[in-house]
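# Model the following, please.
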Amino acid sequence: MNERITCPPSHKHGETLNCYKRHLCGCDDCRANARQYADRVRRMKAYGRWVDPFTDAAPVREHIIYLRSCGMGWKRIADTAGVAPAVVSRLLYGESNEGRRGQAVKRIRVETAEAIMALEATIAVTPDTCLVDARSTRRRLQALGCNGWSQSRIGTMLGRTPSRFNAVVHSHLVTAKTHREVAALFEQLWNVQAPNVTWREQNSYARTTRYAREHGWLPALAWDDIDTDPTPPAADELTDAQADVDEVRVEQAVAGIPSTLTQAERRLVIERLHGLGYSDRNIAPLADCTDRTVLRIREELGLESTYDGYTEAAA
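Here you go, the predicted structure:
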């Protein structure tokens with residue numbers, strides 16, 4: 001059985017349960033505070049008003065282990081979740097104080113558990129040096145190539161030498177930092193044609209776009225989600241299931257009620273919302289797709305762009 005000790009005077013004796021429960025402090029103040037807390041819990045349970053502020057720590061520990069397997073260090077996990085690093089350390093390695101050293105933490109505060117469990121192993125929180133799949137990075141670079149942006153020009157904008165950037169283009173893995181830098185540049189240039197004024201620019205533009213065509217590179221609008229689509233969607237090759245249109249789902253989406261839409265239904269929703277004066281940006285959440293997908297489908301349907309200011313005023 002663990003023996004109780006007396007914590008240093010600088011600890012918050014009698015103010016919290018930390019000294020009594022974690023440090024096993026046996027001073028009069030800590031013991032009195034623990035008794036008062038136990039009495040209050042019994043009363044609240046008797047009145048049916050007790051809400052347990054703690055929850056099982058095991059699922060949280062497993063989630064931390066998963067996040068670490070994705071490249072996140074435990075300190076980064078704590079910082080991103082907004083909790084004290086010591087909390088994550090105890091969950092992983094057990095208690096550190098004398099008398100309970102190494103013992104697994106069994107319970108954790110609900111708000112702390114929710115903050116950690118809410119973390120996802122997305123590229124946004126992956127450490128800069130962690131290697132990630134380069135597929136979506138290549139797709140973005142190829143889409144920029146379709147707009148005439150040469151690899152040497154993109155490399156210069158990213159601060160890469162030709163040899164280093166060539167390795168990025170042909171690698172199956174890139175660092176998370178490189179992925180984020182390419183994604184940020186892509187957001188700026190995905191619908192912008194490369195300069196094509198001087199003879200040098202014209203030569204570079206023609207050479208790059210020709211190379212893109214010969215190698216079957218796809219423009220940005222070919223993808224609904226450039227990160228996750230296994231293949232680009234074919235708008236003119238609808239399956240029988242996709243060709244069926246449920247008018248109820250279409251009307252629900254137009255009315256702002258979330259609905260799961262087939263490709264054919266999404267095209268109808270976009271067409272009808274466009275007719276009501278909605279912009280691509282406002283149509284996207286109602287059609288359950290990205291702005292870029294709305295733009296692609298709208299161009300396939302031959303619909304002109306709607307002015308955002310008009311849309312916002314109409315809404």
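
# show me where the stretch 51-200 of the chain has strands.
54-56, 107-109, 131-133, 173-175 (DSSP state E, counting those that start in this stretch).

# Buried deepest among those, which one?
strand 173-175 (a mean of 18; mean count of other C-beta atoms under 10 Å). (Glycine included, C-beta is placed from N, CA and C.)

# Show me the strands paired with that strand, marking each as parallel or antiparallel.
Sheet pairing of strand 173-175 (DSSP bridges) gives strand 131-133 (antiparallel).

# For the strand it pairs with, give me every contacting residue.
Ile123, Thr126, His172, Leu173, Val174, Thr175, Ala176, His179 (C-beta atoms under 8 Å, 6 or more residues apart in numbering).

# can I get the residues you listed in a markdown table with pLDDT and distance to Met157?
Converted to a markdown table, the contacts of strand 131-133 look like this (pLDDT from 0 to 100; distance: C-beta to C-beta, whole Å):
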| residue | pLDDT | distance to Met157 |
| --- | --- | --- |
| Ile123 | 82 | 20 |
| Thr126 | 81 | 22 |
| His172 | 87 | 23 |
| Leu173 | 88 | 22 |
| Val174 | 89 | 16 |
| Thr175 | 89 | 17 |
| Ala176 | 89 | 19 |
| His179 | 92 | 16 |
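
# Give the full set of residues in contact with Asp56.
Contact analysis of Asp56 by C-beta under 8 Å, 6+ apart lists Lys106, Arg107, Ile108.

# Repeat the analysis, applying 10 Å as the threshold.
For Asp56, the contacting residues are Lys106, Arg107, Ile108, Ala113, by C-beta atoms under 10 Å, 6 or more residues apart in numbering.

# domain parsing for this protein?
Here the domain parsing of the chain from automatic domain parsing is 1-51, 54-117, 131-222, 240-314.

# For Pro127, give its distance to Lys75.
Distance of Pro127 to Lys75, given as C-beta to C-beta, to the nearest Å: 11 Å.
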